[in-house]
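In: Give me a 3D structure for the following:
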Amino acid sequence: MHLTPDLLGPGDAKSAALDPAQFEWTRIRSVDDPLFPVAYGALWAEFGAANEMETRAVLAGRFALGPAMRYEMVLARKDGAVAAVRDHTAILVDGEVVVHLSHNLVMPEWRRSGLAGWMRAVPLIAAREVAAANGRADARITLVAEMEYDDGGDPKRAVRLAAYGRAGFLAIDPGMLDYHQPDFREPAVIDATGGPAPLRFQLLIRQVGHESETTVSGARVRRFVSALHALYGALFRHGDMAHPLLSPDRLPGDDACVPLLGLATGIS
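Out: Numbers count the residues shown, from 1 in each chain. The predicted structure is shown next:
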């Protein structure tokens, strides 16, 4: 993987000073990859207990979705030890590449080193590949992250949101988009607990090359959510995706002008 500073967000100066060549980078595209258990195990240990990590079976199907929807894990190792791991999906929709940033885990010894910035940037490589493979090399690219709201109870969450803000991410105004993530639990667990329970998240976006824009059209907000729902709906049960909190009727209209909020203020 060839990592260059142009991939980084506008405020990732610390990352620009960290040489990514010191790490061994692996792009994982199958559950049969010998390093899949290593990468998945690290993500599951961090996110599984909070029901924020898909099952192995779901990811096996996601790896096979292409060519307009490419899922991968990226593993960074230093001297054989895991330094960081992330996963993401580049989705071509209506001429734009929307990149769903699933999980980004940096091991404690590498936090605040600049590695997190590189992990936020590597999905751009997949986005450009998907655009080129589908004859849309000039396609606009938007990175989209589902993120918990900062309720003041988790200092690490506040640090994480501030880092995304420095990297050029803004929050879609939750007053106009009350977004929920589908239920990631096993179907049997969902059924045994009374049905799906979507989780409330905010959507953060980095409009690559357009980071200074402070509004986004309702049509593009609908495009972002549609891309995420296409990804989830390809492998989740239709009935679970039909939950009222996931209805497109709750989204802004195409002609709406939706504010983008800075991550230091304006987010409840």
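In: neighbours around residue 107, how many?
Out: 16 (other Cβ atoms under 10 Å). Using the backbone N, CA and C atoms, a C-beta is placed for each residue, glycine as well.
In: Tell me the confidence at residue 12?
Out: Here, the pLDDT recorded for residue 12 equals 89.
In: who's in contact with it?
Out: 114, 117, 120, 121, 166, 167 (Cβ atoms under 8 Å, 6 or more residues apart in numbering).
In: Most neighbours out of those residues, which is it?
Out: residue 120 (26 neighbours).
In: Can you tell me how far that residue is from residue 237?
Out: Applying Cβ to Cβ, to the nearest Å, the value for residue 120 to residue 237 is 31 Å.
In: And residue 183, by the same measure?
Out: Counting by Cβ to Cβ, the gap from residue 183 to residue 237 is 10 Å.
In: Compare those two (neighbour count), which wins?
Out: Neighbours around residue 183 and residue 237, counted as other Cβ under 10 Å, are more numerous at residue 183. The numbers are 23 against 14.
In: tell me which element the residue nearest to the more buried one when sequence neighbours are not counted falls in.
Out: Nearest non-adjacent residue to residue 183, counting by Cβ to Cβ, 6 or more residues apart in numbering: residue 196, 4.0 Å away. Assigned by DSSP states H and E, residue 196 belongs to no helix or strand.
In: I'd assumed residue 243 was in contact with residue 196.
Out: Yes: between residue 196 and residue 243 there is a contact at 5.0 Å, judged by Cβ atoms under 8 Å.
In: shared neighbours of the two, anything?
Out: 182, 183.
In: With neighbour numbers in mind, choose between the two.
Out: Legend: neighbour count by other Cβ under 10 Å for residue 196 and residue 243, higher for residue 196 (22 against 15).
In: Mind checking what helix or strand follows the strand or helix carrying residue 125 in sequence?
Out: When elements are assigned from DSSP H and E, residue 125 belongs to helix 123-133. For helix 123-133, the following helix or strand on the C-terminal side (DSSP H and E) is strand 140-147.
In: For the chain, identify the residue most remote from the centre.
Out: What lies farthest from the middle of the chain is residue 192; by Cα atoms, centre = their mean that is 28.8 Å.
In: so what's residue 197 up against?
Out: 183, 190.
In: ok, it to residue 165 distance?
Out: Residue 197 is 29 Å from residue 165, by Cβ to Cβ.
In: Please name the bridge partners of residue 78.
Out: Listed by DSSP bridges, the beta-bridge partners for residue 78 are residue 81.
In: That one: how many residues sit nearby?
Out: Neighbours of residue 78 (other Cβ under 10 Å): 15.
In: Next: the one 3 residues further on.
Out: The number of residues packed around residue 81, counting by other Cβ under 10 Å, is 9.
In: cool, and the one 10 residues further on?
Out: The burial metric for residue 91, expressed as a neighbour count using other Cβ under 10 Å, is 25.
In: Distance of the nearest residue to it once chain neighbours are set aside relative to residue 136?
Out: Nearest residue to residue 91 in three dimensions, chain neighbours excluded: residue 227, at 4.4 Å (Cβ to Cβ, 6+ apart). Using Cβ to Cβ, residue 227 is found at 14 Å from residue 136.
In: Looking at these two, which has the bigger crowd around it?
Out: Higher neighbour count among residue 227 and residue 136: residue 227, with 24 against 15, using other Cβ under 10 Å.
In: for the stretch 51-200 of the chain, what spans make up the strands?
Out: For the stretch 51-200 of the chain, the strands defined by DSSP state E, counting those that start in this stretch cover 69-78, 81-93, 96-106, 140-147, 170-172, 180-181, 199-200.
In: Spell out which strands sit alongside the last one in the sheet and which way each one runs.
Out: Using DSSP bridges, the neighbouring strands of strand 199-200 in the sheet come out as strand 180-181 (antiparallel).
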